Each structure stands twice: as C-alpha cells, then as structure tokens.
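Enquirer: I'll drop the sequence and a predicted model, then ask my questions.
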Amino acid sequence: MSQADELERLATLRDRGVISEEEFQQLKTRVIQGGVTPPVGAPMLSTVNRLRRSRDDRWLGGVCGGVARLTGMESWVWRMAFALLFLFWGAGLLLYILLWIFVPDE
C-alpha cells in the first residue's frame, strides 16, 4: 500500500470518528517517516493476548488469578464477580469454563 493510500485510509478513519485527531497526527507521522502503522485497536489486542491463566494464584483453573494479574485487581474480586454472574442463569460458570478452555496456561 502506498503512502498516499495509507494517509487516505487514516483520514477516512478520522472522519468517521474511529480515531481521534491526535491519533491521526501520530499515525500520519509514522507513515511519512516510513514506520509501520499498527492496526486500529492494536493496544486492546495486545492486552488480550497477554491474558494467561495463573499457576500460582489458582483455586480451580487459574482464570481469576490470570485476569487479576492482567487488570491489577485482587483475584478475590474476580472470584466474587464470577460467583455473582453464576446467579444469572449460570453465566459466570459458563464464562469461567470457556476462559479455562481457551486461555493458555502461564
């Protein structure tokens, strides 16, 4: 993709409100200087990719310990959240099991 195409794509994202004016200026500078532009939403994606189940702070699968390490909160808060979600037709249990299956171990 040429620089002109890349700048046009960034301008379109700015006009739609996907990125702010400040983000547009930063990305525009990267494109002009020859740097690689990360895709929109890359910081969130890298945060999700760092999620791992804990080996140290675990009662069952280590999901709450891993989420706690990622968010900087205490693991008991996440355990309470999953327990409260369990009261809503088992949503907490379902979410916990899915995270246990799909989130890799440390």
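Expert: Cool, got the structure. Residues are numbered from 1 along each chain as shown.
Enquirer: where does the prediction get shaky in this structure?
Expert: 1, 35-49 (pLDDT under 70).
Enquirer: quick one, domains of it?
Expert: Using automatic domain parsing, the domain ranges for the chain come out as 3-42, 50-102.
Enquirer: would TSV of the ones you listed with mean neighbour count be doable?
Expert: Yep, even glycine has a C-beta here, placed from its N, CA and C like the rest. TSV is the format used below for the domains of the chain (neighbours: other CB atoms under 10 Å):
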stretch	mean neighbour count
domain 3-42	13
domain 50-102	15
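Enquirer: for residue 82, give me its contacts.
Expert: Residue 82 makes contact with 63, 64, 92, 93, 95, 96, according to CB atoms under 8 Å, 6 or more residues apart in numbering.
Enquirer: could you do residue 64 as well?
Expert: Going by CB under 8 Å, 6+ apart, residue 64 touches 54, 57, 58, 75, 78, 79, 82.
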